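In: need a 3D model of the sequence below.
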Amino acid sequence: RAANERLQELDRMKDDFISTVTHELRTPLTSIRAFSEILHDNPDLDVKRRVHFLDIILKESERLTRLINQVLDLAKLEAGAAEWNTTEVDLRVLVDESIVAASPMAQEKGVAIHAHVDGDVPPIWVDRDRIMQVMLNLLSNAVKFSPAGSGLVQVAVTQADDVLQVDVSDNGPGISAEDQAIIFDKFRQGGDQSRGRPQGTGLGLPISAQIVSHFGGSLWVESAPDAGATFSFTLPLASESRR
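Out: Model (predicted):
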């Protein structure tokens, strides 16, 4: 009976996921088509409006591409078909570069990003681009859920025994215990939209968890309603055995 209930739950979660992805695909496609038709039917539009509509089409196209890439990426990770380019990486440099990449989004919203990295952080043996992907996902989430104009995102890198730990904290609305239990599931999303945490496709965190797990680390969250959220992940230090 328990197995059947689990299968039914998985089917329901899959249906919810497909419904969400379908909605996320339809939204940018609708915008792209609508503004393309305006441009097609109004060849005499002034340059300012034409550029504005083209900007919208471009942004919606990029959004659509990101979603498709996320779906394909997760499928490859789960099938064990992802390609990895493992090298020795200085996490301090990677964190700095990820903050620079996230800065335009943060500045536009009025969110500050502060970082603290332990002095002598040993290297890690990972796929640099993949860990950058994890960092950018956590940073973009933290910025997105921080209050506009008074948001603060804090990044900390510390060493504990044979692992490095990265913490990304925000001062947003926080996440309930119920939602913390499901946000790493690809078929589920937190229900905190009413508390100011907007829903997305629910793919970024599952993808990040898969990446971190591949390198022997773990990803988790600590939060409470109205107390912000801290997403943390660990990665083993580089060793000769991994070279």
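
In: for residue 170, grab phi and psi.
Out: In terms of degrees, to the nearest 10, the main-chain angles of residue 170 are phi -130, psi 170.

In: you'd agree it is up against residue 145?
Out: Yes. Between residue 170 and residue 145 there is a contact under CB atoms under 8 Å: 5.6 Å. From N, CA and C alone the C-beta is placed, and that goes for glycine too.

In: spit out the residues that contact these two alike.
Out: residue 229 (CB atoms under 8 Å, 6 or more residues apart in numbering).

In: these two - which one has more neighbours?
Out: Per other CB atoms under 10 Å, whichever of residue 170 and residue 145 has more neighbours is residue 170, with 27 against 23.

In: and the closest residue to the more buried one other than its chain neighbours, what helix or strand is that in?
Out: Using CB to CB, 6 or more residues apart in numbering and skipping residues adjacent in sequence, the residue nearest residue 170 is residue 142, 3.9 Å away. Secondary structure from DSSP states H and E places residue 142 in helix 128-145.

In: show me which residues of the helix or strand that that helix is followed by are buried.
Out: Downstream of helix 128-145, the first helix or strand assigned by DSSP H and E is strand 151-160. Neighbour counts over strand 151-160 (16 or more other CB atoms under 10 Å) mark 151-157, 159 as buried.

In: what is the longest helix anywhere in the chain packed up against?
Out: Taking DSSP state H as the criterion, the chain has its longest helix at helix 2-41. Under the contact criterion of 3 or more CB pairs under 8 Å, 6 or more residues apart in numbering; DSSP states H and E, helix 2-41 touches helix 47-79.

In: packing partners for the very next helix or strand once past the helix it packs on?
Out: Sequence order places strand 86-89 as the next helix or strand after helix 47-79, per DSSP H and E. Contacts defined by 3+ CB pairs under 8 Å, 6+ apart place strand 86-89 against strand 124-127, helix 128-145.

In: over to residue 237: give its phi and psi.
Out: Backbone torsions of residue 237, given as degrees, to the nearest 10, read phi -70, psi 150.

In: so how far is residue 65 from the nearest residue to residue 60 once chain neighbours are set aside?
Out: In this structure, residue 60 finds its nearest non-sequential neighbour in residue 28, 3.9 Å apart by CB to CB, 6+ apart. Distance of residue 28 to residue 65, given as CB to CB, to the nearest Å: 9 Å.

In: so for those two, which sits in the more crowded spot?
Out: Higher neighbour count among residue 28 and residue 65: residue 28, with 20 against 11, using other CB under 10 Å.

In: just the mean pLDDT for the longest helix of the chain, thanks.
Out: The predicted model gives helix 2-41 an average pLDDT of 81.

In: ok, back up a step: so the residue nearest to residue 170 sits right up against residue 153, yeah?
Out: Yes. Using CB under 8 Å, residue 142 is in contact with residue 153, at 4.4 Å.
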